[in-house]
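Participant: Sequence first, predicted coordinates after that:
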Amino acid sequence: MRGFTVSDPSLRSKGQRSVTIPHSATMLRAVRTMGMVCVIIIMTVAGYLPALGQETRSRELERLVVEPPQRRAAPTRVPADDDSAPPPYDSLWDALRSPGEPGLGATSLIPPMSVVTDKSSVSSVGAAALPAQVDVVTRQDIERLDARTYTDLFRKVPGLRVFSYDAGEIGHPFAMRGFGGSHGSDVAVYVDGVPQNLPSSVIAMNGASDVSWLSPEMIDKIEIIKGPFSAFYGNQAQAGAVNFITKNSDPSPSLTLSGASFGGFRALPIISTDAFAPTPFLAYDFSTLDGYRDNSFYRRSSLFNKVTYPLYGGNASLRFNYYQSFFGVPGMLRIVDIKSGQRSRKSTWEESDQGSQFTWSFVFNYAPTESDAGLYVDAYVENTLRERFQTWWTYGQTWSHEDRVFYGGRIYYNLLFGNVASVALGAETRYDTGEEMEWDAVKREPQAPQNNHRVSLSNTSLFAQGQVKLADMLKIVGGVRKDFFRNVIDNRLTPENSGTWYLDTFNPKLGFVLTPLKNVNIFGNKGVGFRAPGATDMSPSSGEKAVDIAVAKTETWDLGFNATILGKFFVSADWYQTDMEKELRNINGQAVNLGDSQRNGYELEARVYASPQVNFFANYAWVEAKLKNPTTPGQTLVTAIPEHLIKGGMGFNYDLTCTTKFLGDIYCEYVGEQPFYSGSDTTPLYSPDYVVYNFKAAMNGPHWGLFAAAKYQPKEFSSNNWLGLMGGRFAITPQPLWDCSGGVKYTF
């Protein structure tokens, strides 16, 4: 397998003119590591074979979720008679006071995206018990209709945009609460206790996260915490946090085969069973796509191996995964060029723009099973090698290279004091080492370096989060987090800017939950999040190094409520205000500080469960984002933030026979115009608004399933991803009018 050859003037003094960075070497290291991990797993399984005779079932193993260990109720069959109808109520007050679980619960054929959870719980590790707007994408939501990528799983979540840049592995955005979500850099992203944000990056923004290796079928649950209100999440948790929890098992093995428009093909065998302890879950995802545009090919292989087993009154899991991808980078096209016929919608900017990524990780998790109280441990090591060639109009082609190893862990103990109080005390550490380089290039031949850093970055933190009930209806939640950073940067291009930086930050959280009725929650919060500077912030390749630099903080207030009425109607509302230090924007490939900013916004959501077969949903998010002290006077709006985000649709189920079901979803997403300033002009320009319609359907039998999906994007000169250019012009990533997929799944 061919690598990239880099011409480095610093090597000439050593008698060398270039160095080749082979992909095969990284793959060989990964294969060797995989072999060692397999030996460990085999030995572990052999050591626990006697447990098979003790009938240790995966019903208990399924309780293992790294954060938090919430239990899932066993599925309940919907009665065929009228017993499934909701009980009659004499008044709205009686309905609100009813002791039944919110929503349609286990009797619903259509599980809600999130439900009114019992926020009166005092578990300090339960995200749903936080006094905050928390959305949960459950296993039922994920398995209901097969998704092509993990970004499809967030289509219904209020106020959240997750989409692909269609430009290779550079990290998809998580945009919410008035943050642009560039490459996921405004949200703390975790998978099984492993932080996914890179604290320094040249391929994308500082703090970018990329979980492309994670297929939807590997995910058990996703928690979306809106706002910096959990002490479990530190660096980059400005808009909030997204916590992925992977599966421990499936009931039995399965094979999924699917095809898609523009040469898409996917094969996903899963080897798993809940009849054994230790419990295996092995999922292998092989995908190819030619793409709608020229040079938009995509090839990926994701090998996910996880074994879960009982250990000392809890559950432990070992996970090893390997991922590789190769992709073309079609680039963005100017709208004016498409309209004039100068360029076709399907054309690429530069045929030689391509990239690759290789990632492997080894993760250990441990959590108690009998209750939320006890010891939790996460430990990990991960290696990522990413290379990408990208052309930017008149700026030419850029080659970006990152080779990063990071390892660390998190340990905490949750103390429960009956149903009155709890406190979780813990520590977290992470160490990153590697290199990040950026060069000018021509036709994939690097020419001159722009950035060349060797980094050693460490982040150690202490945190505590506690909850106490002052009364049956009132709970107070508080948290503190202290983070320490030690950044050692070797600037190979500008050695005088090398050095060591020591930073620290203290971030408190405080909130309340008032539960006057069983299905009603009123909550409020104040929390502080932060973003640590990256290597290029502290040690730039031109100019002087930063001497007086600090962690940028984000302070947020919010107030909201949610309620379920008559077991059929769900409503929620949330208002927030966020003050942010050092608003950053990527301008011509460089992060530019635009000044401090403030966001004011709110989110509204309503869901109606008309029957066990049909539900409707709608949500609306509004935000006003402004700069307090703009670097260019008069340019007061924060760019690339849509004022309006609207989602709505319906889901349905129908029993064709006693063993065959037909189900589907129809929903729409609207993203409003986003402001942009051209040069020093104080009058903002606005990008085209964007709308997409999604149609999904599936038919499931006893051991088989058929599924199909279609995406309709009617606006010809619009896309979810756009870029403002000098002269008031806009560039977009052209999308097809229709994008369809379908496939079959067989369960053995």
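Facilitator: Thanks, I have it. Residues are numbered from 1 along each chain as shown.
Participant: other SSEs contacting the helix or strand residue 570 falls within?
Facilitator: Per DSSP states H and E, residue 570 falls inside strand 569-580. Here strand 569-580 touches strand 552-565, strand 597-611, going by 3 or more Cβ pairs under 8 Å, 6 or more residues apart in numbering; DSSP states H and E. (C-beta placed from N, C-alpha, C; glycine too.)
Participant: just the CA coordinates of that strand, formatted as CSV?
Facilitator: The C-alpha coordinates for strand 569-580 follow below in CSV (Å, rounded to 0.1, in the frame of the first residue of the first chain):
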residue,chain,number,x,y,z
PHE,A,569,-49.0,14.5,24.9
PHE,A,570,-45.4,15.5,25.6
VAL,A,571,-44.3,19.2,25.7
SER,A,572,-41.1,20.9,26.7
ALA,A,573,-39.5,24.3,26.6
ASP,A,574,-36.0,25.6,27.5
TRP,A,575,-34.5,29.1,27.5
TYR,A,576,-30.8,29.7,27.7
GLN,A,577,-28.2,32.5,27.7
THR,A,578,-24.5,31.8,27.0
ASP,A,579,-21.5,34.1,27.3
MET,A,580,-18.4,32.9,25.5
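Participant: Sheet partners, orientation included, of that strand?
Facilitator: When pairs are called by DSSP bridges, strand 569-580 turns out to pair with strand 552-565 (antiparallel), strand 597-611 (antiparallel).
Participant: would you list those strands in JSON lines and tack on mean neighbour count and mean pLDDT?
Facilitator: Putting those into JSON lines (neighbours: other Cβ atoms under 10 Å; pLDDT from 0 to 100) gives the following:
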{"stretch": "strand 552-565", "mean neighbour count": "20", "mean pLDDT": "94"}
{"stretch": "strand 597-611", "mean neighbour count": "19", "mean pLDDT": "95"}
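Participant: wouldn't residue 264 be in contact with residue 743 here?
Facilitator: No - applying Cβ atoms under 8 Å as the test, residue 264 and residue 743 come out as separate, 10.0 Å apart.
Participant: Those two: which is more packed in?
Facilitator: residue 743 (22 against 19; other Cβ atoms under 10 Å).
Participant: which element is that one on?
Facilitator: Assigned by DSSP H and E, residue 743 falls in strand 738-747.
Participant: Pull out the buried residues from that strand.
Facilitator: For strand 738-747, a neighbour-count test (16 or more other Cβ atoms under 10 Å) marks 739-743, 745, 747 as buried.
Participant: try stretch 314-325
Facilitator: So for stretch 314-325, counting by 16+ other Cβ under 10 Å, buried means 314-325.
Participant: Output the lowest mean pLDDT helix or strand found in this structure.
Facilitator: helix 58-61 (a mean of 28; mean pLDDT, DSSP states H and E).
Participant: joint contacts of residue 264 and residue 743?
Facilitator: Listed as contacting both residue 264 and residue 743 by Cβ atoms under 8 Å, 6 or more residues apart in numbering are residue 258.
Participant: which SS class is residue 140?
Facilitator: The local conformation at residue 140, judged by DSSP: H, G, I helix; E, B strand; the rest coil, is helix.
Participant: and it, how many neighbours?
Facilitator: The local packing of residue 140 (other Cβ under 10 Å) involves 17 other residues.
Participant: could you measure it against residue 285, distance?
Facilitator: Look at residue 140 and residue 285: by Cβ to Cβ, to the nearest Å, they are 21 Å apart.
Participant: again, but for residue 319
Facilitator: Counting by Cβ to Cβ, the gap from residue 319 to residue 285 is 15 Å.
Participant: Residue 695 too?
Facilitator: Taking Cβ to Cβ as the criterion, residue 695 is separated from residue 285 by 24 Å.
Participant: which of these two has more neighbours?
Facilitator: The residue with more neighbours, out of residue 695 and residue 285, is residue 285; 22 against 15, by other Cβ under 10 Å.
Participant: pull the longest strand from this protein.
Facilitator: Identified as the longest strand of the chain according to DSSP state E is strand 445-469.
Participant: Pull out the buried positions in the very next helix or strand once past it.
Facilitator: Downstream of strand 445-469, the first helix or strand assigned by DSSP H and E is strand 474-491. Across strand 474-491, burial judged by 16+ other Cβ under 10 Å covers 475, 477-483, 485, 487, 489-491.
Participant: Also stretch 655-663?
Facilitator: 661, 663.
Participant: shift numbering so it begins at 21
Facilitator: Let's use 21 as the start, then, which means that last one is stretch 675-683.
Participant: Just the CA coordinates for that stretch, please, in PDB.
Facilitator: Extracted as PDB, the C-alpha positions of stretch 675-683 are listed here (Å, rounded to 0.1, in the frame of the first residue of the first chain):
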ATOM      1  CA  ASP A 675     -49.200  -5.400  12.000                       C
ATOM      2  CA  LEU A 676     -49.400  -7.200   8.700                       C
ATOM      3  CA  THR A 677     -49.600 -10.600  10.500                       C
ATOM      4  CA  CYS A 678     -49.000 -11.700  14.000                       C
ATOM      5  CA  THR A 679     -45.300 -12.000  13.200                       C
ATOM      6  CA  THR A 680     -44.700  -9.400  10.500                       C
ATOM      7  CA  LYS A 681     -44.700  -5.600  11.100                       C
ATOM      8  CA  PHE A 682     -44.500  -2.700   8.700                       C
ATOM      9  CA  LEU A 683     -43.100   0.600  10.100                       C
END
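Participant: Give the rounded mean pLDDT of that stretch.
Facilitator: Mean per-residue pLDDT for stretch 675-683: 93.
Participant: quick check, distance from that stretch to the centre of its chain.
Facilitator: Here stretch 675-683 is found 33 Å from its chain centre; the criterion is Cα atoms, centre = their mean, to the nearest Å.
Participant: ok, now stretch 191-201?
Facilitator: Counting by Cα atoms, centre = their mean, stretch 191-201 comes out at 10 Å from the chain centroid.
Participant: tell me the mean pLDDT for that stretch?
Facilitator: Mean predicted lDDT for stretch 191-201 stands at 83.
Participant: buried set for that stretch?
Facilitator: Going by neighbour count (16+ other Cβ under 10 Å), the buried part of stretch 191-201 is 191-201.
Participant: What of stretch 341-359?
Facilitator: Those would be 341-356, 358, for stretch 341-359 by 16+ other Cβ under 10 Å.
Participant: next one: phi and psi at residue 555?
Facilitator: Here is the backbone geometry of residue 555 (degrees, to the nearest 10): phi -60, psi -40.
Participant: what's near enough to touch it?
Facilitator: By Cβ under 8 Å, 6+ apart, the contact set of residue 555 is 220, 456, 473, 475, 477, 507, 509.
Participant: Pull the one helix or strand the second one maps to out as PDB, backbone CA atoms only.
Facilitator: So that's residue 456. In this assignment (DSSP H and E), residue 456 forms part of strand 441-462. Included here for strand 441-462 are C-alpha records, laid out as PDB according to Å, rounded to 0.1, in the frame of the first residue of the first chain:
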ATOM      1  CA  ALA A 441     -28.400  12.300  48.300                       C
ATOM      2  CA  SER A 442     -25.400  11.000  46.300                       C
ATOM      3  CA  VAL A 443     -22.000  12.200  45.400                       C
ATOM      4  CA  ALA A 444     -19.600  11.000  42.700                       C
ATOM      5  CA  LEU A 445     -15.900  11.700  43.300                       C
ATOM      6  CA  GLY A 446     -13.400  11.000  40.600                       C
ATOM      7  CA  ALA A 447     -10.300  11.800  38.500                       C
ATOM      8  CA  GLU A 448      -9.500  11.800  34.800                       C
ATOM      9  CA  THR A 449      -6.300  11.900  32.800                       C
ATOM     10  CA  ARG A 450      -5.300  12.000  29.200                       C
ATOM     11  CA  TYR A 451      -2.000  12.100  27.400                       C
ATOM     12  CA  ASP A 452      -1.500  12.900  23.700                       C
ATOM     13  CA  THR A 453       1.700  12.600  21.800                       C
ATOM     14  CA  GLY A 454       2.400  12.800  18.100                       C
ATOM     15  CA  GLU A 455       3.000  15.100  15.200                       C
ATOM     16  CA  GLU A 456       0.800  17.400  13.100                       C
ATOM     17  CA  MET A 457       2.000  18.900   9.800                       C
ATOM     18  CA  GLU A 458       0.500  21.100   7.100                       C
ATOM     19  CA  TRP A 459       2.300  21.700   3.800                       C
ATOM     20  CA  ASP A 460       1.600  23.400   0.500                       C
ATOM     21  CA  ALA A 461       1.200  20.800  -2.300                       C
ATOM     22  CA  VAL A 462       0.800  20.400  -6.000                       C
END
